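Novice: Build the 3D model from these lines:
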Amino acid sequence: MRASIGLLPAVSHNTKTRTYVTTFRLAIFAFSALLVSCSSQEESTRSSGRGFTVAALGDGGERNSELKSIGSLITRMHSGEHDGGRADMILFLGDNFYPTGLNVPSDEVEDKVSSVLRYFEDPVTALGRGRVHAVAGNHDYYTRHAFEASALFGLINIEMGPIGLSDRGNERARSLEQWTYHYDMPAEATVPVDEGGQDQVSFIFFDSARLLRTDPPRWKPGLDSLERLLKASAGRGDIRWRVLAVHHPFYSVGEHGGYTEWDDVAGDFEFLTPCDKDSNALSWFKNFLDPEDLCAERYRGYVDSMRAVIGRSGANVDLVLAGHDHSLQLLSYPERDTDCSSCPKVHIVTGSASKVSGVRKPHPPEEYTAFDSREGLSVSGFAQVTFFRDEIRVRFFQGKKGEPIDMGDGKTVFRIDGNRNLIAE
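Specialist: Here you go, the predicted structure:
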């Protein structure tokens, strides 16, 4: 008689064997599930939570199809139409309005602002001024052109060599309701890595253009203020990451870095110093009037001063976000700042929002660039930086194609670990 459900049947030898096999299989399954769970837990610990995502773009001051496509992509990411990741903050890294900032006749200011920010209207409005920040660039200080001419009764206008120094355009930019604008003195904004979490990201905004447009004796107030800010930040145990947002990069393998000599055999830009009047007279003269290349004495003084301030402050700076060069670059030089342990090891140049220029080929593992081998120019786009508890993730997106950019060797995703080392994936 067969046992009914709920009663214990007599167990034969074969039944015992099947029971042992079943038990063994269940044990294997449970052990495997435990391994997967541990692996998932380890991955979750490494990049726990949604993180805090920043869209960083520089030199977006010219209304054109490149800027429009970038604004459209960030807007689609914001709405969820594009799955690249919604920005929690947008950073505009200088040269926000070409060619002379908002130093234009008063009746032209509104149209000038709209010509740039209209493409970002939805995400900028949704995020609010506290999550949309901008720093000044050298073009935001210029007041006029060294050469201006018109022809055919004004149908053709030629403007070359922006010059001058004025705060009027920056004051106008600071009064805009769309963003929080930083010029002259440094400022800091802190945000949580994860909503409701204790770990914070500190964004430090510094007006590098003020230094490059003025003589060194006038730098002291801004640098002293930056040092006090960093020292106060160093005493905060809740700061997990510090990011320096400036217009002028510390390093570059673009045009301002001297990579302007095209080698058609190698298909790459070679270095030609812009600061030697014998080998490169035109660039030398430009830097004599307006020192904007990295080799210029005033530019070197800016970088040395920033490194000295960071070193004295004792606050680790994990990342620099900059524009100025009209290219996309991800640079890691851990061996260059051995005399300054708190200085940043990783530098991002994201200055191709509306203009592109030449950039050196990628040279991993130190230099990754959005190099277009067809033209020798950078790809237009922006940097997306996401902060987690234990790492920073970096990707670059092309506006028109709406996809991550290959920055060299097929690498599109990068991580900065807790020791500030760059890891390409």
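Novice: Show the low-confidence segments of the stretch 101-250 of the chain, by residue range.
Specialist: Scanning the stretch 101-250 of the chain for pLDDT under 70 picks out 145-161.
Novice: for it, what spans make up the helices?
Specialist: 109-117, 121-127, 168-174, 208-213, 220-234 (DSSP state H, counting those that start in this stretch).
Novice: Would you tell me which one of these is buried the most?
Specialist: Of all the helices of the stretch 101-250 of the chain, helix 208-213 carries the top mean neighbour count, a mean of 24, counting by mean count of other Cβ atoms under 10 Å. In this view, the C-beta of every residue, glycine as well, is placed from N, C-alpha and C.
Novice: which other helices and strands contact that one?
Specialist: Packing contacts for helix 208-213, counted by 3 or more Cβ pairs under 8 Å, 6 or more residues apart in numbering; DSSP states H and E, involve helix 297-313.
Novice: Just the CA trace of whatever helix or strand comes next after the helix it packs on, in CSV.
Specialist: Downstream of helix 297-313, the next assigned helix or strand under DSSP states H and E is strand 319-322. The C-alpha atoms that make up strand 319-322 are tabulated as CSV, following Å, rounded to 0.1, in the frame of the first residue of the first chain:
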residue,chain,number,x,y,z
LEU,A,319,40.4,65.4,-9.4
VAL,A,320,40.8,68.5,-11.5
LEU,A,321,38.0,69.4,-13.9
ALA,A,322,39.0,72.0,-16.5
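Novice: Strand 319-322 pairs with which strands, parallel or anti?
Specialist: Next to strand 319-322 in the sheet, as set by DSSP bridges, lie strand 239-245 (parallel), strand 346-350 (parallel).
Novice: Generate CSV for those strands, with distance to Val320 and mean neighbour count as supplementary columns.
Specialist: Listed next are the strands paired with strand 319-322 as CSV, based on distance: least, Cβ to Cβ, whole Å; neighbours: other Cβ atoms under 10 Å:
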stretch, distance to Val320, mean neighbour count
strand 239-245, 5, 23
strand 346-350, 5, 26
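Novice: re the thing from before, looking at the helices of the stretch 101-250 of the chain, which is closest to Pro404?
Specialist: Taking Cβ to Cβ, helix 121-127 is the member of the helices of the stretch 101-250 of the chain nearest to Pro404, at 19.1 Å.
Novice: Report the distance from the closest one to the chain centre.
Specialist: Here helix 121-127 is found 19 Å from its chain centre; the criterion is Cα atoms, centre = their mean, to the nearest Å.
Novice: who touches that helix?
Specialist: Contacts with helix 121-127, where a contact means Cβ atoms under 8 Å, 6 or more residues apart in numbering, come from Ile74, Thr75, His78, Ser79, Ala87, Asp88, Met89, Ile90, Leu117, Val132, Gln178, Trp179.
Novice: Next: stretch 362-372.
Specialist: For stretch 362-372, contacts defined as Cβ under 8 Å, 6+ apart pick out 253, 327-333, 352, 359-361, 378-379, 381, 396, 398, 405-409, 411, 414, 422, 424.
Novice: what about 7 Å?
Specialist: Residues from elsewhere that reach stretch 362-372 (Cβ atoms under 7 Å, 6 or more residues apart in numbering): 253, 327-333, 359-361, 378-379, 381, 396, 405, 407-409, 411, 424.
Novice: Going by neighbour count, which of the residues you listed are buried?
Specialist: 253, 327-333, 359-361, 378-379, 381, 396, 405, 407-408, 411, 424 (16 or more other Cβ atoms under 10 Å).
Novice: one step back: how about TSV for the strands paired with strand 319-322, with distance to Gly169 added?
Specialist: Formatted as TSV, those follow (distance: least, Cβ to Cβ, whole Å):
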stretch	distance to Gly169
strand 239-245	19
strand 346-350	22
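Novice: Contacts only, for Ala322.
Specialist: If a contact means Cβ under 7 Å, 6+ apart, then Ala322 has Gly58, Leu93, Val246, His247, His248, Pro249, Ile348, Val349 as its contacts.
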